[in-house]
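K.L.:
I'd like to go over a predicted model; first the sequence, then the structure.
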Amino acid sequence: MNKFHSAVLAMTMSIGAAGLAFAANPMVGGGEMFPEKNIIENAVNSKDHTTLVAAVKAAGLVETLQGKGPFTVFAPTNEAFAALPAGTVENLLKPENKDMLVKILTCHVVGAEAFAKDVRKMVDDDKGMHPVKTAGGCTWTAMYEGDKVMLKDENGTIANVTIADVDQSNGVIHVIDKVLLPKM
C-alpha cells in the first residue's frame, strides 16, 4: 500500500471513529447513561442527581424504579432541590416525613414511557397544554416552546426539561431544573 492509500485509510478510520462519538450515550451530571440499564442504575452515575438518589433511597422507591416500568421520570437536579426553602430537603429526608417525600417523588413519575416528541404531540392534540397524571396523584400541565418541554405544577411552578429523552431499559428520564410540588 502506498503512502497516499495509507493516508486515505487513516483519514477514513479517523472520520469513522469521530462518527462513533456522535452515537455515544448521553452524559448526565458527568455520567454516561446506558439505555440497557434501568433508571436507578443510571441515576446513581449522575453527579447532578445525588440529592434525588438520596431521596429515592430514603423514600424506599429504589426497587420500584428498578422495576419493569415503563416509567417516565422528571428528574430534578441537585440545584433544583437546593432552590427549595432552607431546610426543606433535610426535613423531607426525616423518617417521620416519608409519606410526604414519597408523594413528592412519585409526582415526578408517570407510569408510561413518554419521549419529548410524545409530550409535544399530546400538547398539540390538546391545543397548547396537556394534563399529565403522575404516579403520585398529582396533575401537572405539560407545554412546550420550540423544542423545550416544560411542566407546571399545581402551585404554578414551571420546570424546564434541560436534558430530554435519556433512554432507559425501563423507561425514559427527562432532567428538570425545578422540583415540582403537590398543592399544599
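P.N.:
Received the coordinates, thanks. Remember, predicted model here, so these are calculated numbers, not experimental data.

K.L.:
output the contacting helices and strands for the strand ranked longest in the chain.
P.N.:
Secondary structure of the chain read by DSSP state E shows that its longest strand is strand 158-168. Applying 3 or more CB pairs under 8 Å, 6 or more residues apart in numbering; DSSP states H and E, one finds that strand 158-168 contacts helix 39-43, strand 71-76, helix 116-125, strand 148-152, strand 171-176. All C-beta spots, glycine's among them, are computed from the backbone N, C-alpha and C.

K.L.:
residues of the longest one that come out buried?
P.N.:
In other words, helix 116-125. 116, 118-120, 122-123 (16 or more other CB atoms under 10 Å).

K.L.:
tell me how many other residues surround Pro131.
P.N.:
10 (other CB atoms under 10 Å).

K.L.:
just the pLDDT at the nearest residue in space to Gly69 that is not next to it in sequence, thanks.
P.N.:
Closest residue to Gly69 apart from its sequence neighbours, by CB to CB, 6 or more residues apart in numbering: Asn170 at 3.3 Å. For Asn170, the pLDDT comes out at 95.

K.L.:
swap in Trp140?
P.N.:
pLDDT, read off for Trp140, is 97.

K.L.:
isn't it right up against Val123?
P.N.:
No. Applying CB atoms under 8 Å as the test, Trp140 and Val123 come out as separate, 11.9 Å apart.

K.L.:
residues in contact with the nearest residue to Met100 once chain neighbours are set aside?
P.N.:
Nearest residue to Met100, sequence neighbours excluded (CB to CB, 6+ apart): Leu92, at 6.3 Å. Leu92 makes contact with 55, 58, 100-101, 104, according to CB atoms under 8 Å, 6 or more residues apart in numbering.

K.L.:
which residues of this structure fall in strands?
P.N.:
Along the chain, counting by DSSP E, strands occupy 27-28, 31-32, 71-76, 109-110, 130-133, 139-145, 148-152, 158-168, 171-176.

K.L.:
want to try CSV for the ones you listed, with distance to Asp48 as columns?
P.N.:
What follows is these, written out as CSV (distance: least, CB to CB, whole Å):
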stretch, distance to Asp48
strand 27-28, 7
strand 31-32, 9
strand 71-76, 9
strand 109-110, 18
strand 130-133, 23
strand 139-145, 21
strand 148-152, 18
strand 158-168, 9
strand 171-176, 7
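
K.L.:
state the distance from the residue nearest to Met100 to Asp99.
P.N.:
For Leu92, the distance to Asp99 (CB to CB, to the nearest Å) stands at 10 Å.

K.L.:
before we move on, what about Pro182?
P.N.:
Pro182 is 12 Å from Asp99, by CB to CB.
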